[in-house]
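> here is a sequence with its predicted model. Questions after.
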Amino acid sequence: MKKILITALITLLGLQASFSAGAGWMTDFDAAKAKAQAEGKPMLLDFTGSDWCGWCIKLDEEVFSQPTFQEYAEDAFVLVELDFPRSKTQSSELKAQNEALARAYGIRGFPTILVLSPEGQLIEKTGYRRGGAEQYVEHLQQIIASAQ
């Protein structure tokens, strides 16, 4: 029985890693939506060109990679990265999912950040903002407060 539990735990950790883009970000929208609904949290979607978009890279460096944002977001959101790289390889399924979501939410540029309800309804659309992680967290807090 103990071996079965250990095997199941290792399998779940492996699956979770395959859904993650790093630092708490998921890449599988359906899995993220299920998690958001189960936890009653809104989703934060990052439509990014992680390896070519200067503003996307700047947003990641100034905000998303900072402890202030990470600590806030861990409790406040289910994070979803929807990447449109030029040099990184992606599965055809991930490319198709990201393209479909970009069409569904009318994404026209990068970075575009969406705050969605746990059911996937748009709460607010935003993007890069000057001021670093603390100001970005305040911006997101205002979005969530105005939605309630």
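Cool, got the structure. Since the structure is predicted, the reported quantities are computational estimates derived from the model, not experimental observations.

> only C-alpha atoms from now on, for both contacts and neighbour counts.
Fine.

> pull the helix or strand with minimum mean pLDDT from the chain.
Across the helices and strands of the chain, mean pLDDT, DSSP states H and E gives its lowest value to helix 2-19, namely a mean of 41.

> so who does residue 110 touch?
Contact analysis of residue 110 by Cα atoms under 8 Å, 6 or more residues apart in numbering lists 47, 48, 49, 53, 55, 56, 127.

> now the end-to-end length of stretch 52-69.
One end of stretch 52-69 to the other measures 23 Å (Cα to Cα, to the nearest Å).

> check which residues of that stretch are buried.
Within stretch 52-69, the residues scored as buried using 16 or more other Cα atoms under 10 Å are 53, 55, 56, 57, 58, 59, 60, 62, 63, 64, 68, 69.

> starting at the chain centroid, how far to it?
Relative to its chain's centre, stretch 52-69 lies at 13 Å (Cα atoms, centre = their mean, to the nearest Å).

> just checking, residue 56 touches residue 109?
No: using Cα atoms under 8 Å as the test, residue 56 is too far from residue 109 to be in contact (10.3 Å).

> which residues are common contacts for those two?
What both residue 56 and residue 109 touch, as defined by Cα under 8 Å, 6+ apart, is an empty set.
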